[in-house]
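Participant: structure of the sequence below:
(one chain, ligands or ions: 2)
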Amino acid sequence: MTKPKVLISDKMDPNAARIFEARGCDVDVITGETPEQLIARIGDYDGLAIRSSTRVTAEILEAATNLKVIGRAGIGVDNVDIPAASSKGVVVMNTPFGNSITTAEHAIALIMALARQIPAANARTQAGEWPKNDFMGVEVTGKTLGLIGAGNIGAIVASRALGLRMKVVAYDPFLTEERAIEMGVEKVDLEALIERADFITLHTPLTDETRNILSRERLERTKKGVRIVNCARGGLIDEAALKDLLDSGHVAGAALDVFAKEPAKDSPLFGTPGFICTPHLGASTTEAQVNVALQVAEQMADYLVNGGVTNALNMPSLSAEEAPKLKPYMALAEKLGSLVGQLAHGNLTRIGIEVEGAAAQLNIKPITGAVLAGLMKRYSQSVNMVNAPFLAKERGLDVREIRREREGDYQTLVRVKVDTEQGERSVAGTLFGKTQPRLVDIFGIGIEADLTGDMLYVVNEDAPGFIGSIGSLLGKNGINIGTFHLGRREAGGEAVLLLSVDQPINQDVMKQICDTPGVKVVKALSF
Ligand SMILES: NC(=O)C1=CN([C@@H]2O[C@H](COP(=O)(O)OP(=O)(O)OC[C@H]3O[C@@H](n4cnc5c(N)ncnc54)[C@H](O)[C@@H]3O)[C@@H](O)[C@H]2O)C=CC1
Ligand SMILES: O=C(O)CCC(=O)C(=O)O
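Facilitator: Numbering: from 1, shown residues only. Ligands and ions are numbered 1, 2, ... in the order given. Below you'll find the model as predicted:
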């Protein structure tokens, strides 16, 4: 088996490359390239490991013909076009906890730096001024910290701020009263936070809702003398309004680690009294960078080598223990989806995926993804279990999942049901010996078949001599039969013949089969 190839395109702790190699991947570290250079190179790689500098755009993804996974060594994935990655079937992963403590500590450091004007005092002292009378600070003890965003980092900031004897008020639409009590913070609405906070710190992602959350209008309603810290994402604060309010003295201090446009090599805020900044250093500690590098490499290698999915933003997680158990089910599910896709006529509007017996103990999402991928192969060659659910949604396909704990005739069963113009139709399969996918039911007719390679599907009237006539027709045309499977509703009723052949069957032979007396439906299948 060829080794998966990974490109590390941003500066990353060297442990990442070591882990990739130890886990059986080939790895190249090529940083600082232009988008055009990355576009020219990316087609060679199965995995792309990034931090925040590489922007993974739709154009880059278009050129990424082999790419299976993008791993962000860090939290924010606003530098990745996730919808484009999803529709190309590329898994996007991040490392949601590896740098949280470090980033929270940076926010606290900036709060303290603002309270005591440390950067300006340092610069002027080192310039030989000894400006003792120019730097009257404020205590943080007893002050109110307004926390916008109380997720992982926000919660750590809150705990540290409480340790500094600050009072913490938090605004986060997803913060429950119970969690606020557990964190020791007061849950408030945004407007109350704006009016009450002596310090404000932001810890939300940048979304349509959070963009400009500290707008000019809100900044103007803050307490006079407020100090503001942003270690989350540029774009959360109106930078022009912040500059005006620093100039007017309404805002006493602001510390930005992140800017609306990065790298921020120039900004109207630079040089403004009370303004301090760092170049997106929130996650930059040795500890955090080792954490995220190890974690992203482990996660990506696990996916590329074993199919395990951890911390993916566009597909359900799949642990390294689950992955090998699910693998044969996913092969079965893909084959059943593909069978339905090849046999069903017209536009499908609804699909049901039922798992029964042992299959019901497993995570159903990957099974659903595999059924949909098999089904939609007829629309697109680049469909896989990552993008299939998105494509299904785009096409308005109603997908239902049903789990039945009890066993039926089989110890484990996956059934795929679709609504067709002829009514509801279903196919089902099981695993022989826990790993071998087998079809066991096709549209209500029991049959045991391995769905593999080129196959011929025939529905016929059950009559003596029919099987022999099909066998000799194929023989006459030089087509060798590999396996032969039969099933029927009842003696003399509707029967199904499913056989594997050593080569695709051409149109001429298909017509001859079609013209054979007793044939009702005939279809060439491929798996
Ligand atoms: N400066 C740096 O180097 C770093 C920055 N970050 C950034 O920090 C941010 C937060 O990270 P985590 O705490 O790990 O994320 P998280 O997902 O654990 O927490 C984010 C919180 O924001 C809340 N939120 C969402 N929409 C909101 C809204 N409209 N108003 C108020 N709250 C809202 C969510 O409910 C959630 O609790 C991310 O944007 C991340 O990119 C993370 C690491 C390093
Ligand atoms: O990788 C970095 O230095 C930035 C980290 C960051 O912004 C994040 O994890 O969201």
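
Participant: then the host helix or strand of Val440 to CSV, C-alphas only?
Facilitator: Here Val440 sits within strand 436-442, counting by DSSP states H and E. Below are the C-alpha coordinates for strand 436-442, written out as CSV (Å, rounded to 0.1, in the frame of the first residue of the first chain):
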residue,chain,number,x,y,z
GLN,A,436,-17.8,-10.2,4.5
PRO,A,437,-20.6,-8.0,3.2
ARG,A,438,-23.5,-10.0,1.7
LEU,A,439,-26.8,-8.9,0.1
VAL,A,440,-29.6,-11.0,1.6
ASP,A,441,-32.8,-9.3,0.4
ILE,A,442,-33.6,-7.5,-2.8
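
Participant: Provide a list of residues in contact with Ile447.
Facilitator: Contacts for Ile447 (Cβ atoms under 8 Å, 6 or more residues apart in numbering) come out as 439-441, 485-487, 496, 498. Glycine gets a C-beta too; all of them are placed from N, C-alpha and C.

Participant: which of these are buried?
Facilitator: Using 16 or more other Cβ atoms under 10 Å as the burial test, the contacts of Ile447 include 439-441, 485, 487, 496, 498 as buried.

Participant: His250 reaches Arg221, doesn't it?
Facilitator: No. Contact between His250 and Arg221 fails when scored by Cβ atoms under 8 Å: they sit 10.1 Å apart.

Participant: neighbour count for those two, which is higher?
Facilitator: More crowded of His250 and Arg221, by other Cβ atoms under 10 Å: His250, with 15 against 12.

Participant: dump the residue contacts of the more buried one.
Facilitator: Shown in contact with His250 (Cβ under 8 Å, 6+ apart): 219-220, 222, 224-226.

Participant: run the last query once more with 10 Å
Facilitator: 219-220, 222-226, 244 (Cβ atoms under 10 Å, 6 or more residues apart in numbering).

Participant: how about Gly32?
Facilitator: Counting by Cβ under 10 Å, 6+ apart, Gly32 touches 9-11, 53-54.

Participant: mind checking how far Ala16 is from ligand 2?
Facilitator: Counting by Cβ to the nearest ligand atom, to the nearest Å, the separation of Ala16 from ligand 2 is 12 Å.

Participant: contact partners for that residue?
Facilitator: By Cβ under 10 Å, 6+ apart, the contact set of Ala16 is 6, 8, 27, 29, 49, 71, 73, 289-290, 292-298, 300-301.

Participant: among those, which are in helices?
Facilitator: Here DSSP state H is the test, and the contacts of Ala16 give 289-290, 292-298, 300-301 as lying in helices.

Participant: and the two most separated of these?
Facilitator: Maximum pairwise distance among the ones in helices among the contacts of Ala16 (Cβ to Cβ): 18.2 Å, between Gln289 and Ala301.

Participant: of those two, which one has the most company?
Facilitator: Ala301 (25 against 22).

Participant: so how far is ligand 2 from that one?
Facilitator: Taking Cβ to the nearest ligand atom, one finds Ala301 at 20 Å from ligand 2.

Participant: ok, the nearest residue to that residue once chain neighbours are set aside - how many residues close by?
Facilitator: Among residues not flanking Ala301 along the chain, Arg23 sits closest, at 3.5 Å (Cβ to Cβ, 6 or more residues apart in numbering). The number of residues packed near Arg23 is 19, by other Cβ under 10 Å.

Participant: next: Leu193.
Facilitator: Around Leu193 there are 22 residues (other Cβ under 10 Å).

Participant: for it, what are its contacts?
Facilitator: If you count contacts by Cβ under 10 Å, 6+ apart, Leu193 has them with 144-148, 169-171, 186-187, 200, 218, 222.

Participant: quick one on the thing from earlier: are any of the ones in helices among the contacts of Ala16 buried, and if so which?
Facilitator: Neighbour-count burial (16+ other Cβ under 10 Å) applied to those gives 289, 292-298, 300-301.

Participant: sorry, back to before: check which helices and strands the strand holding Val440 sits against.
Facilitator: helix 322-343, strand 412-420, strand 423-432, strand 445-449, strand 481-488, strand 494-501 (3 or more Cβ pairs under 10 Å, 6 or more residues apart in numbering; DSSP states H and E).

Participant: run the angle between the next helix or strand after the last one and strand 494-501 for me.
Facilitator: The reference is to strand 494-501. Next helix or strand after strand 494-501 toward the C-terminus (DSSP H and E): helix 507-514. For helix 507-514 against strand 494-501, the angle by axes from the mean of the first three to the mean of the last three Cα atoms, to 10 degrees is 150 degrees.

Participant: which strands and helices sit next to the helix or strand following helix 507-514?
Facilitator: Remark: after helix 507-514, the chain's next helix or strand is strand 519-526, criterion DSSP H and E. Helices and strands touching strand 519-526, by 3+ Cβ pairs under 10 Å, 6+ apart, are helix 322-343, strand 454-461, helix 466-476, strand 494-501, helix 507-514.

Participant: redo those as JSON lines? Include mean pLDDT.
Facilitator: Output for the helices and strands packed on strand 519-526, formatted as JSON lines (pLDDT from 0 to 100):
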{"stretch": "helix 322-343", "mean pLDDT": "93"}
{"stretch": "strand 454-461", "mean pLDDT": "95"}
{"stretch": "helix 466-476", "mean pLDDT": "94"}
{"stretch": "strand 494-501", "mean pLDDT": "94"}
{"stretch": "helix 507-514", "mean pLDDT": "95"}
